[in-house]
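Peer 1: need coordinates for the following:
(chains A and B)
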Amino acid sequence: MERDAIPPWNSDGVIPPVNMHDPISHDRSPYSISLTDIILRFGITPRRQAILKGLLEFRSALYTVGIIKGFQWIDGSFLEDIERIEERDPEDIDLVTFFHIPDGVTEEGIIGSAPGLFNHESLKSKYHVDAYFVRLNAGAPEILVDSAAYWYSLWSHRRDGQWKGFLQIDLSNNDDTVAQRNLDELMGGGDSV
Amino acid sequence: MTTIQQYDYLQAELSTLNKMLTMLPESSLIERMSLEARRNNVEKALASLEGPVRQPARFSLTFRGAPIFGNHGVQADFGGFALKKFADAVRAIGTSQTETLGSRGALPNREEYKLLITGIARGSFGFVIEEPSENYKLTKEFSPLESAIHTTMSILKASVETDEELNEALSESDPRAIKELHDFVRYLADNEAVCTLQSGRDSFSFSDVGQIRQSEKRLSEDNIREEDVTFTGVFLGYLPNKRIFEFRKGDSDEVISGRVDSSIEDAGKINRQLDQRVIIHLLERSVGMSKHHTYTLTGFEFMDGVE
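Peer 2: Here you go, the predicted structure:
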């Protein structure tokens, strides 16, 4: 799948909703990118690296219960130049996981196998993710469109009306292996992978 | 973002979440947990705002005329100066409701009359302006800025009406405040521009440059005559909240009333010495050809050795 480029922060310290440096490209929010790109671009401080470690662990937990197909929208202060704008570290990653449930499996069964995995508060403290979920194969397309519109409207601008962009990454165990190596390298202080 | 905007956004989000939760099939357990957690956070955020909250004073000031390019833009120097002069006028009118202004020098820089530009008003071109305060409690009382905007609009409206109406509209404003508003109107007239002031459902608009020139002449010192006068007589009463006095001149039946100037600190003594002869000092104001006067009490001395 062809990936987008992550545009640089604009003067307001947010990712713009379209790539102003290449306005005729197909790049627009949500930018479809790889997890490794996120790590290389945003893993620039120890706090951010710790948050990314949590994100990888969260994704790994999802794979464990059979949620392996879908994608995630990523947003929040983690994507902003928050250290410059507000002189603070990001607290977590805002995350919506759009997921498929495998055939023959129920949501009840998945929750039963990992009770804490869908508890919003414990996800925040355990994995540093402010995580929400939308099921892609529930069989109610109108509801799915409503959910997508809700999250897009919420995340495509700040509450003061300023437009901004956000990112999309696939759920993919293979990608995560590469991303994990890059993150380990960053946290170990190496220059490259 | 103001508290009220935050509150509105959260309320809107809460309504959406409730609707989504109603529509969600029972089998969607994971998404339900997710949306309920979100709703819980929104409710916590709403509670933290100590809502409901009062709308901050918000109004728009738009311009038409030579320095304005339709609804596309306004010449920066004109827009900047016009806004500054308007802000000075509103501050002077507001401040003069509670204190006496000097005839010259800097105006008091009162927090409650600071203006914040929060947006562009189109149609013609101008600005959305509001109170900068962050945290409003629920109250039906006008803020000082709302009162000042209301008075400013009343004076602008009256400046194209009769002399009596203009005199009445000016009755609570200090000469310095009138001068500041006159400066604003003159600046627009000199630049062949007109303005519209809109606050809530109330609005006033100059129809054309000819009308704003007329307004400028009528707000000028040449048209508003002010004179210090002294009368002897008795007070009939004083309303402390509105700071209004009533007074009967000499032994006649003529009764005059007016505002008590904010420089008089203990106006309450008036009601303690009713029917006692007193010398009062007034600022008498008349407008244009009108024989109608308005009065502002600037001082008084009780006679017979008692004050």
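Peer 1: in chain A, which residue sits closest to chain B?
Peer 2: Per C-beta to the nearest C-beta, A:His120 is where chain A lies closest to chain B, at 3.4 Å. Placement of C-beta: from N, CA and C, glycine included.
Peer 1: shaky segments in the chain?
Peer 2: Picking chain A for this. Low-confidence segments of chain A (pLDDT under 70): A:1, A:160, A:189-193.
Peer 1: not quite, I wanted chain B
Peer 2: Low-confidence regions of chain B, defined by pLDDT under 70, span residues B:1-5, B:50-55, B:100, B:102-105, B:109, B:133-141, B:305-307.
Peer 1: how much space between the residue of chain A closest to chain B and B:Ile256?
Peer 2: A:His120 is 71 Å from B:Ile256, where distance means C-beta to C-beta, to the nearest Å.
Peer 1: also B:Ala47?
Peer 2: 55 Å.
Peer 1: quick one, which of those two is more surrounded?
Peer 2: B:Ile256 (19 against 10; other C-beta atoms under 10 Å in any protein chain shown).
Peer 1: dig out what that one forms beta bridges with.
Peer 2: Beta bridges link B:Ile256 to B:Phe247 when assigned by DSSP bridges.
Peer 1: burial count for the residue of chain A closest to chain B?
Peer 2: Close neighbours of A:His120, defined as other C-beta under 10 Å, add up to 18.
Peer 1: so who does it touch?
Peer 2: A:Asp130, A:Ala131, A:Tyr132, B:Met33, B:Ser34, B:Ala37, B:Arg38, B:Asn40 (C-beta atoms under 8 Å, 6 or more residues apart in numbering or on different chains).
Peer 1: next up, phi/psi of it, please.
Peer 2: A:His120 adopts backbone torsions of phi -60, psi -50, taken as degrees, to the nearest 10.
Peer 1: which of the contacts of A:His120 fall within strands?
Peer 2: A:Asp130, A:Ala131, A:Tyr132 (DSSP state E).
Peer 1: so which of these would you say is closest to B:Glu131?
Peer 2: Of all the ones in strands among the contacts of A:His120, B:Glu131 sits closest to A:Asp130, with 32.7 Å by C-beta to C-beta.
Peer 1: can you give me the neighbour number for that closest one?
Peer 2: 20.
Peer 1: from what I can see it touches A:Val96, true?
Peer 2: No: contact criterion C-beta atoms under 8 Å: A:Asp130 and A:Val96 do not qualify, at 9.6 Å.
Peer 1: ok, for A:Pro30, nearest residue in space, not its chain neighbours?
Peer 2: In this structure, A:Pro30 finds its nearest non-sequential neighbour in A:Gln168, 4.1 Å apart by C-beta to C-beta, 6 or more residues apart in numbering or on different chains.
Peer 1: quick one: distance of the helix or strand that contains that neighbour to the chain centre.
Peer 2: A:Gln168 belongs to strand A:167-170 when assigned by DSSP states H and E. Averaging C-alpha positions (C-alpha atoms, centre = their mean, to the nearest Å) puts strand A:167-170 6 Å from its chain's average.
Peer 1: which among the contacts of A:His120 end up buried?
Peer 2: Taking 16 or more other C-beta atoms under 10 Å in any protein chain shown as the criterion, what is buried in those is A:Asp130, A:Ala131, A:Tyr132, B:Met33, B:Ser34, B:Ala37, B:Arg38.
Peer 1: tell me how far the last one lies from chain A.
Peer 2: In this structure, B:Arg38 and chain A are 6 Å apart, going by C-beta to the nearest C-beta, to the nearest Å.
Peer 1: got it, and the fifth one?
Peer 2: With distances defined as C-beta to the nearest C-beta, the gap from B:Ser34 to chain A amounts to 4 Å.
Peer 1: how about that residue, what does it touch?
Peer 2: A:Phe118, A:His120, A:Ala131, A:Tyr132, A:Phe133, A:Val134.
Peer 1: closest approach to chain A from the stretch 101-250 of chain B, which residue is it?
Peer 2: For the stretch 101-250 of chain B, C-beta to the nearest C-beta, closest residue to chain A: B:Gly119, 8.9 Å.
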